[in-house]
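>>> Can you look at this prediction? I've put the sequence above it.
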Amino acid sequence: RPVYELRGVAKSYARRSIHALDRVDLTLTEGSFSSVIGPSGCGKSTLLKIMAGVLPPTEGSVYLEGTPVTGTRRDIGMMFQQATLFPWRTTLENIVLPIEIRDGKKAARAMHDEARALLDLVGLKGFDSVRPNELSGGMAQRAAICRMLITKPAVLLLDEPFSALDELSRDFMNMELQRICMERNATAFLVTHSIPEAVILSDTVYVMSPRPGNFVEAINIDLPRP
Ligand code: ADP
Ligand code: ADP
């Protein structure tokens, strides 16, 4: 079942002089894990922002579950290189922040148990009242995973979420992420610079050409998954 559909998506910046994306067609099926690799500047972040609805395409359309994506949506979860937790809030308060923004303080408080369950899921049991400056980089990214999952998004858009971590932590976090996606039947789309990472995690790897925009090839990976 197709979850995401991009049709002829193009993006130019600076009054059309920079062509970041050139007519991208892409379909993501439910529960799939796809990655996009390509050199810096080829348009990966632009693509992700358009899929998230935070950047309007110059041409083309993006559909999620058959509905056009315009503006941010609660069923899209996002993660970036930096966890960007608010230092004055506890871990738990950071995790429920998307709920607080969307539905208010009372609704956020009602999600505390759910947030604790998520902390448990990512191995941060008992860290609810700790402030972000007491967390390691890996722990902060795990808290960011919880914050992404609290709204129960059907789609996860991931822009090099663990690139700031050391190699061992990154491998570990990738496995955690893969497990969570499978458990929730989430559809994931990952931007990465690492070919091994893309190959290990994904069903399909999209390769973006260094010339702005186009995918050159979609490589389907047929490995047994855990
Ligand atoms: P990455 O390291 O992920 O490849 P970049 O360092 O190229 O990303 O870009 C970081 C941020 O700066 C992005 O949000 C991107 O949209 C923005 N950016 C990149 N190039 C330009 C540019 N020429 N003018 C304005 N903003 C840019
Ligand atoms: P990647 O994530 O693959 O590094 P980006 O999507 O960040 O690539 O950038 C693709 C192209 O668009 C680059 O040439 C970059 O300089 C340009 N670009 C990105 N964001 C902006 C922006 N806000 N304004 C102008 N140019 C941008």
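The structure has been received and is ready for your questions. Ligands and ions are numbered 1, 2, ... in the order given.
>>> how about the residues of this structure that lie near ligand 2?
13-14, 18, 20, 38, 40-46, 212 (C-beta under 6 Å from any ligand atom). For the C-beta atoms, the positions are set from N, CA and C on the backbone; glycine is no exception.
>>> quick one: low-confidence ranges for this protein?
For the chain, the stretches with pLDDT under 70 are 16, 72, 74, 210-218, 221-226.
>>> the longest helix in the protein is where?
Determined from DSSP state H, the single longest helix within the chain is helix 167-184.
>>> and the host helix or strand of Arg23, which strands flank it?
Element membership for Arg23, per DSSP states H and E: strand 18-29. Using DSSP bridges, the strands paired with strand 18-29 are strand 2-13 (antiparallel).
>>> ok, and what's touching the strand it pairs with?
Contacts to strand 2-13, defined as C-beta atoms under 8 Å, 6 or more residues apart in numbering, come from residues 18-30, 32, 43, 46-47, 50-51, 55, 57-65, 154-155, 187, 189, 213.
>>> let's see it at 7 Å
18-30, 46, 50-51, 57-65, 154-155, 187 (C-beta atoms under 7 Å, 6 or more residues apart in numbering).
>>> Stretch 95-111 too?
So stretch 95-111 is contacted by Arg74, His112, Ala115, Leu118, Ala143, Cys146, Arg147, Ile150, Thr151 (C-beta under 7 Å, 6+ apart).
>>> Spit out the contact partners of the fifth one.
I take that to be Ala143. Taking C-beta under 7 Å, 6+ apart, one finds Ala83, Leu85, Thr91, Asn94, Ile95, Leu124, Leu135 in contact with Ala143.
>>> so how many other residues sit close to Asn220?
Asn220 has 9 neighbours, counted by other C-beta atoms under 10 Å.
>>> Distance of the closest residue to it other than its chain neighbours relative to Leu26?
Spatial nearest neighbour of Asn220, chain neighbours left out: Thr204 (5.3 Å); criterion: C-beta to C-beta, 6 or more residues apart in numbering. Distance, Thr204 to Leu26, using C-beta to C-beta, to the nearest Å: 10 Å.
>>> What of Glu65?
Shown here: Glu65 relative to Leu26, a distance of 15 Å by C-beta to C-beta.
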